[in-house]
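Next comes the sequence, and after it the predicted model I'd like to discuss.
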Amino acid sequence: MMVGVAAIAFSSATGKEQSQWKEAARREGERYDVAQDYVEARMDGRQAADEAKPSRSALDGLLVAGTTCVFVVLATMPGYRRCLSAGDLPRS
C-alpha cells in the first residue's frame with residue numbers, strides 16, 4: 001500500500017496530459033463564462049492578479065477553537081468510550 005502511495009506522490013503528468021488539462025479548462029471556462037486569467041491562475045495554483053486575497057475573521061478563529069475543544073473533551077473522556085463500547089448506556 002505504501003508503494004502505491006509513493007508512486008502516486010512522485011508521479012507527474014506528461015506535457016501532453018498537462019496541455020490537455022489546460023485545453024479542457026479553457027473550454028469549460030468559455031462554456032461557463034469564467035475569465036481566462038482566473039482559470040489559468042487556478043491551473044498554476046495561484047490567485048488571479050485582480051483577485052482579492054482571502055482573509056480570516058475572528059469568527060473563523062472561534063470556530064476552530066470551539067471544534068478543537070470539543071475534540072479534546074471527547075478524547076479525554078475514557079468512561080464515555082468504555083460505556084459506548086460495552087453497551088452499558090442507561091435506557092430511558
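Great, that's in hand.

how many neighbours does the residue nearest to residue 50 when sequence neighbours are not counted have?
Leaving out its chain neighbours, the residue that sits closest to residue 50 by C-beta to C-beta, 6 or more residues apart in numbering is residue 37, at 7.8 Å. C-beta here means a position set from N, CA and C on the backbone, and glycine is covered the same way. Using other C-beta atoms under 10 Å, residue 37 has 13 other residues around it.

try the one 3 residues further on
Residues contacting residue 40 under the criterion other C-beta under 10 Å number 15.

the helices in the protein, which residues?
2-9, 15-31, 36-44, 58-75, 78-86 (DSSP state H).

and the third one with helix 15-31, angle?
Between helix 36-44 and helix 15-31, the angle comes out at 140 degrees (axes from the mean of the first three to the mean of the last three C-alpha atoms, to 10 degrees).

in the chain, what spans have low per-residue confidence?
Along the chain, segments meeting pLDDT under 70 span 79-92.

Got the domain ranges for it?
Per automatic domain parsing, the domain ranges recorded for the chain read 14-52, 55-92.

So which of those is the most surrounded?
Most buried of these by mean neighbour count (mean count of other C-beta atoms under 10 Å) is domain 14-52; its value is a mean of 12.

Just the endpoints, please. Distance across it?
Counting by C-alpha to C-alpha, to the nearest Å, you get 32 Å between the two ends of domain 14-52.

ok, back up a step: which one of the domains of the chain lies closest to residue 7?
domain 14-52 (15.4 Å; C-beta to C-beta).

before we move on, back to that, tabulate the domains of the chain (CSV), appending distance to residue 5.
What follows is the domains of the chain, written out as CSV (distance: least, C-beta to C-beta, whole Å):
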stretch, distance to residue 5
domain 14-52, 21
domain 55-92, 26
